[in-house]
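need a structure here:
(chains A and B)
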Amino acid sequence: MEVNKKSPDRVYIDKAINSSVVKAIDDKKFLALDIATTSRMELFLFAMTLGIPVCKTPLDSQESFVLEQSIKNHHKSLMYSNFISNLAGDSNLEEVIDKEKVYCDAQQYANTGFQVIREMMKNKSPSVVELELFNGLDEMYKKYIG
Amino acid sequence: MRIQSIVIKNYRQYKDLALNFVDNGKHDLHIIIGSNGVGKTNLLNATVWCLYGDEPHLGDKSRALPRISLSALDEAREKGMGNCDVIVSITASDGGGIFKFERVQSFNVSNAFERKSKFSVLVTDEGGNHNYYEDDKAKECINQYMPERIREYFFFDGERLDRYFITEQGSKIKDSIHTISQVQLLSTMREHLENVINEKQKEAGKKSPGIANLYNEREEITKQITKLTEDISDLNTQVNTSKLAISKAQEILHGQEDSLEFDKKYTILTSKKEYLEGELKSNKLDILKFIRDYQILLSFYPHIKRTYDIIKEKDSAGMLPPNIDKNFLKQMLDEHKCLVCNRDLFDKEESEVQQLIDRLKVSSELSNLLMSMKSDLEMKIDEAKRYKEKKGKLLDQRRRIEKEIQEVNRDINEIDLKLKSYSNKEKIANAHKERTMHEGLIETNNKKIGAYEHQLKQQNQKLNDLNEKLDKALSQQKECELLKKLIHFAKDANSVIEEVEHELMTEVRNNMQRKTMEYFDRLIWKKNTYANIELDEEYKLDLIHKYGYRCVGSCSAAERALLALSFTLALHGESGFDALLFIDTPVSRVSDTNRENSAVVLGEVSKHKQIIMTFAPSEYSSEIQRVLEPIASTLVKLYTEDERSTQLEWEVI
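Numbering: from 1, shown residues only, chains lettered A, B, ... in the order given. Below you'll find the model as predicted:
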């Protein structure tokens, strides 16, 4: 996947999120999403999945989270597919070329997702979260594939 | 000989004690009861010390308190005395004679240094005449009635009885039988004749250089034979020491040996548990990774699928063209020029370019982007479909590990419970190590013994050959004729003495064997286990199982103690020494029926022999009390008030 030279060279997250939620994830090794176990891009995508069913939240003040070189094609394909499937119709497909839009979209979903994680960490034990996620996976599998 | 009284002054915890052993005419049986630490064994020590000058029943001589009573020493210091004496007097009788044995030892009060003890005996004969003897003469007197060489059959410690046939094998038993056979005179004669033979051979050697050489050679071989015999004896002692160590270790390990096996199993199980816990932790991480991966995969799934379908649809419709730059075409229309060949475009040509642009609704850039995503999206769709299979695998793995951990925990708990029942794991491990080491030593020493015995056989053969040569050489020398006759006579006489000595010893040995078995049979509750007792040519005593096995090493401590008691009683019967029997804690290692049997047998023996016994209150059980108390001549209880000085609490005569 080629990268437009003018396009963004990283993904950002909210500065406050980085210093609170991401730090807490690392400190508590929440769901093994900490930096030692999970790449930052995977954490970002994980957060996106939790934000997608809710809404997009603009970032108040952004902070670099993952540099382009660490964003692999298999990561990008997820961000792009989310963007594409949300387009009103085929006619707007060209919008996909605008990488900044795609990244911005992803960042805003991830931003919501990180807030969901913050609530999870605040209100539920890791085992409960684990169980709920497992149940959620079963439901999704049943709904989409099963 | 029986003891009438013992008077002890300043000996260990006995500052001033007098015990009288009055015979009731039926059973000359005397019971002394005292708690642990009161000084029962020291009563035995005091008696032995008075008669023989040492204390063989001390736990550890090198770390024992001074012999003198500490209270007496304090009192002497307070009074400003320079010396203080330990005195033990024993009044004994034999036939019509009265013997007052006394040992006195002086101690320096300031530093408790002991001086040489003084031993004396005052003998009063039937006619009332007194004879006083000191030191060696006094020693001779005691040896006449209770020889020092077999004193351990008169005074012994029940606690150590069970070790007797393991530690004191062979030479000591031989000594004892030698002493009770009273063949000492024959042995002395034999030694004297051997000296005569040597002297006569030396004399013959002076008359002929050839004989002198043979004699010297013979001397050399004799020295080697003596050395080899000593070495074999030393090795046998070492083997016996190892046997004792093995026996001690076996006692510790008895019923506890499994603990080592359990300990090993415990270690294996704990490492298995550790490994499984690691596996569970890793499985947990795998599950979390799975949740994370599939949370992404399944959450994005509708978007992936939709995008994939769009790409596929456009691709099928040929709407994802090769690399044609739509902007490039637009530029050509704007400039009305073919930017490839740089010529102007006609209207028709422009219309065709416009049609191409219209057809290329999807730009090349977008086309590239979508096409590059296609295979990845395809893979993600396939991967998402494998959710159930992967989840099942991970959860099965977790269940398996959890089940294994549960099983291991159960096994660990079981073993832990067993291990807790063992008092001292370290002691058991050491006993095991000790036993293995001594088993190795026995093997090594037995090999050496075998090699030395072979050498000894060869040297004896050489000695015989040399003796024959000497004989021939003596015959060839006329002037040695008389010497030769003398030597022959001495040798013949020696052989006769040796035969008589051997016959006497054999007779006593056989009687001892028989009587020991008789006593043992009465003492032991197991009537159908042991067939016989064997005292072999080497004077090793063994118990023969009814299936023919030798089993003194493997029978219980109680059985060995009873065997030693049987041997002692038999020896008393055979020895002709009508001496007393003083046993410290006689049934400490014996219980139940064996204990009752012991009491009955000792009670019977006391009809003809004085028996003094000391008991701890716990040992003086109802079985013992029921049998012995009605027949005892005296019953004494010892106590201590200040833990330093022991006195009589009560005395029943």
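
tell me which residues in stretch B:520-527 are buried?
Neighbour counts over stretch B:520-527 (16 or more other Cβ atoms under 10 Å in any protein chain shown) mark B:520, B:522-525 as buried. For glycine as for every other residue, the C-beta is placed from the backbone atoms N, C-alpha and C.

chain center to it, what's the gap?
The chain centroid and the centroid of stretch B:520-527 are separated by 27 Å under Cα atoms, centre = their mean, to the nearest Å.

Give me the contact list for it.
With contact meaning Cβ atoms under 8 Å, 6 or more residues apart in numbering or on different chains, stretch B:520-527 is reached by B:530, B:533, B:543, B:559, B:562-563, B:565-566, B:592-594, B:597-598, B:600-601.

Endpoint to endpoint, it covers what distance?
Start to finish, the residues bounding stretch B:520-527 are 10 Å apart (Cα to Cα, to the nearest Å).

Quick check: residue B:390 vs residue A:140, distance?
As judged by Cβ to Cβ, to the nearest Å, residue B:390 and residue A:140 stand 14 Å apart.

the more surrounded of the two?
Set side by side, residue B:390 and residue A:140 show more neighbours around residue A:140, with 21 against 14, by other Cβ atoms under 10 Å in any protein chain shown.

Could you say which helix or strand holds that one?
Per DSSP states H and E, residue A:140 falls inside helix A:126-144.

Next: residue B:100.
Residue B:100 belongs to strand B:97-108, assigned by DSSP H and E.

pLDDT averaged over that strand - what is it?
Strand B:97-108 carries an average pLDDT of 93.

mind showing which ranges of chain A have poor pLDDT?
For chain A, applying pLDDT under 70 flags the ranges A:1-6, A:89-91.

Could you pull out the strands in it for me?
Along chain A, the stretches classed as strands by DSSP state E are A:10-14, A:62-67.

got CSV for these, with mean neighbour count and distance to residue B:345 too?
Below are these laid out as CSV (neighbours: other Cβ atoms under 10 Å in any protein chain shown; distance: least, Cβ to Cβ, whole Å):
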stretch, mean neighbour count, distance to residue B:345
strand A:10-14, 22, 44
strand A:62-67, 16, 46
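
Identify whichever of the ones you listed lies nearest to residue B:515.
Between residue B:515 and the strands of chain A, the shortest separation by Cβ to Cβ is 100.4 Å, and it involves strand A:62-67.

tell me the angle of the closest one relative to strand A:10-14?
Orientation of strand A:62-67 against strand A:10-14 (axes from the mean of the first three to the mean of the last three Cα atoms, to 10 degrees) gives an angle of 140 degrees.

Show me how far strand A:62-67 is from its chain's centre.
Its chain's C-alpha centre and that of strand A:62-67 lie 12 Å apart, by Cα atoms, centre = their mean.

Is there proximity between that strand and chain B?
No. Using Cβ under 8 Å from any Cβ of the partner chain, strand A:62-67 never reaches chain B; the gap is at least 14.5 Å.

now swap in stretch A:114-121 and tell me
No. Remark: stretch A:114-121 sits outside contact range of chain B, by Cβ under 8 Å from any Cβ, the gap being at least 11.4 Å.

And the contacts of that stretch?
The contact list for stretch A:114-121 (Cβ under 8 Å, 6+ apart) reads A:13-14, A:17, A:20-22, A:24-25, A:28, A:30, A:47, A:50-51, A:54, A:57, A:129.

Tell me the spacing between the residue nearest in space to the middle of chain A and residue B:12.
Of all residues in chain A, the one closest to the mean position by Cα atoms, centre = their mean is residue A:48, 2.6 Å from it. Distance, residue A:48 to residue B:12, by Cβ to Cβ: 92 Å.

Same question for residue B:240.
Taking Cβ to Cβ, one finds residue B:240 at 31 Å from residue B:12.

Those two: who's more crowded?
residue B:12 (27 against 20).

Quick one: neighbours of the residue nearest to that one when sequence neighbours are not counted, just the number.
Closest residue to residue B:12 apart from its sequence neighbours, by Cβ to Cβ, 6 or more residues apart in numbering or on different chains: residue B:42 at 4.8 Å. Neighbour count of residue B:42, defined by other Cβ under 10 Å: 24.
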